[in-house]
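> The following comprises the amino acid sequence and a computationally predicted model.
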Amino acid sequence: MEGNNPPEEGKKDTKFQPGESGNPSGRPKGAKNKKLSLAEKLASKLMEEGAEDSRGNKLTYADAIVMVIAREAANGRRWAVELVMNYIDGRPVAKHEVELEVEQNADLLEVLQKAHKRRENMKNGTD
């Protein structure tokens with residue numbers, strides 16, 4: 001029988017053949033994705049006693065998370081300060097400056113390849 005052959009040495013035995021899906025039916029209709037489920041949970045109200053703002057309105061999970069992060073940032077917790085600043089200003093973009101000597105009528109592809117190689121060497125510490 002074809003399916004009962006032992007796996008070749010070094011290969012893992014699997015119950016699916018190459019090109020055969022492990023989930024041929026796909027996700028069931030009406031199933032929510034994780035992003036949508038999380039968004040709905042964050043928008044829902046907390047049911048705990050005292051989970052209210054200063055006006056007596058029930059807090060959402062998102063409100064509570066923001067309050068905790070803001071409190072931690074105000075208390076000087078580095079992770080919280082970085083999280084708030086990255087959210088407000090965006091994450092800093094890493095810049096790699098590469099100096100190259102380029103001849104006047106140099107081929108653009110050669111210049112780009114040279115720049116890429118120089119940048120990789122700088123990243124690896126070999127330049």
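Cool, the structure landed.
> pull the longest helix from the protein.
helix 108-124 (DSSP state H).
> what mean pLDDT does that one have?
Taken as a whole, helix 108-124 has an average pLDDT of 76.
> how about that helix as PDB, C-alpha atoms only?
Provided in PDB are the C-alpha atoms of helix 108-124 (Å, rounded to 0.1, in the frame of the first residue of the first chain):
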ATOM      1  CA  LEU A 108      22.800  52.800 -12.200                       C
ATOM      2  CA  LEU A 109      22.500  49.100 -11.600                       C
ATOM      3  CA  GLU A 110      26.200  48.800 -10.700                       C
ATOM      4  CA  VAL A 111      25.900  51.800  -8.300                       C
ATOM      5  CA  LEU A 112      22.800  50.200  -6.600                       C
ATOM      6  CA  GLN A 113      24.600  46.900  -6.300                       C
ATOM      7  CA  LYS A 114      27.700  48.600  -4.800                       C
ATOM      8  CA  ALA A 115      25.500  50.500  -2.300                       C
ATOM      9  CA  HIS A 116      23.700  47.300  -1.300                       C
ATOM     10  CA  LYS A 117      26.900  45.400  -0.800                       C
ATOM     11  CA  ARG A 118      28.400  48.300   1.300                       C
ATOM     12  CA  ARG A 119      25.200  48.500   3.400                       C
ATOM     13  CA  GLU A 120      25.200  44.800   4.100                       C
ATOM     14  CA  ASN A 121      28.900  44.900   5.100                       C
ATOM     15  CA  MET A 122      28.200  47.800   7.400                       C
ATOM     16  CA  LYS A 123      25.300  45.800   9.000                       C
ATOM     17  CA  ASN A 124      27.400  42.700   9.400                       C
END
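> Which neighbouring elements make contact with the helix or strand of the chain with the lowest mean pLDDT?
Ranked by mean pLDDT, DSSP states H and E, the weakest helix or strand in the chain is helix 108-124, scoring a mean of 76. Judged by 3 or more C-beta pairs under 8 Å, 6 or more residues apart in numbering; DSSP states H and E, helix 108-124 is in contact with no other helix or strand. (Glycine included, C-beta is placed from N, CA and C.)
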